[in-house]
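J.: My questions concern the predicted model and sequence given below.
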Amino acid sequence: MYNYSNYYTPFLHLQGLTIKRLTMNDIVEHSKKQISNKRMRKRQTRGITDLLWGAFIDGTNVLFDYSKYLLPGTIFFFKFLEWWYTENRVVSPNMPLPPPPEPPKRALGGIAIPSDKSLCPICEKKRNNPAMASSGFVYCYPCILQWVETHGNCPITHIPCTPEQLRRIFDDV
């Protein structure tokens, strides 16, 4: 709080914790305390339970000290195992390609599909600025936009469609 309070955040104030910078002397003193605590613990060892407890504490200290190496190494190991045991999903070039899906059928009451595929089914003129509806049929963009805004569906299949679902088709025909 920019020197107006001894506490960095209100949450730390509730806990009664202050944050201070460590100097090099503080770091050296802390490491000396840790070493002296280990020596004192080794001197105070009396029985098997103390030895086991000391080994447990030392093991957790080592685990936490090297966790920055153990965690990425473990993740790498599991990813390696995942890669090792996956099957190759490469499609053989000898397998035939599946056929494309059937086009949607004309709905009852839908407008007729022109025999010439270059004509717009709505205005029955050569398509100008072609756009595709969500059903896959292609129309003039102004025609299909007006139809979708008024009816909210494809004019041939009556599949629901919005202006955001219209896609521009770039062709040089």
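T.: That came through fine. On a predicted model such as this, the values are computed, not experimentally measured, just so you know. Numbering: from 1, shown residues only.
J.: and the residue nearest to Cys140 when sequence neighbours are not counted, what does it touch?
T.: Sequence neighbours aside, Cys120 is the residue nearest to Cys140 in space, at 4.4 Å (criterion: CB to CB, 6 or more residues apart in numbering). Any C-beta I mention is one placed from the backbone N, CA and C, and that applies to glycine too. For Cys120, the contacting residues are 114, 126-128, 138-140, 143, by CB atoms under 8 Å, 6 or more residues apart in numbering.
J.: quick one, strands of the chain?
T.: Secondary structure of the chain (DSSP state E): strands at 130-132, 138-140, 167-168.
J.: ranking those strands by burial, who's on top?
T.: For these, the largest average neighbour count (mean count of other CB atoms under 10 Å) is found in strand 138-140, namely a mean of 22.
J.: Given that strand, what are its sheet partners and their directions?
T.: Sheet pairing of strand 138-140 (DSSP bridges) gives strand 130-132 (antiparallel).
J.: Other residues contacting the partner strand?
T.: Under CB under 8 Å, 6+ apart, the answer for strand 130-132 is 138-141, 144-145, 166-169, 171.
J.: State the mean pLDDT of it.
T.: Across strand 130-132, pLDDT averages out at 94.
J.: From the chain's centroid, how far away is that strand?
T.: 32 Å (CA atoms, centre = their mean, to the nearest Å).
J.: Relative to Ile27, which of the strands of the chain is closest?
T.: Counting by CB to CB, Ile27 lies closest to strand 167-168 out of those; the figure is 62.7 Å.
J.: what does stretch 136-144 contact?
T.: Residues from elsewhere that reach stretch 136-144, judged by CB under 8 Å, 6+ apart: 103-104, 113, 120-123, 125, 127-133, 147, 154-157, 166, 168-169.
J.: how about a cut-off of 6 Å?
T.: 120, 122-123, 127-133, 156 (CB atoms under 6 Å, 6 or more residues apart in numbering).
J.: And the contacts of Cys120, which two are furthest apart?
T.: Counting by CB to CB, the most remote pair of the contacts of Cys120 is Pro114 and Asn128, 14.7 Å apart.
J.: picking that back up, going by distance to Asn37, which of the contacts of Cys120 wins?
T.: Nearest member of the contacts of Cys120 to Asn37, counting by CB to CB, is Val138, at 79.1 Å.
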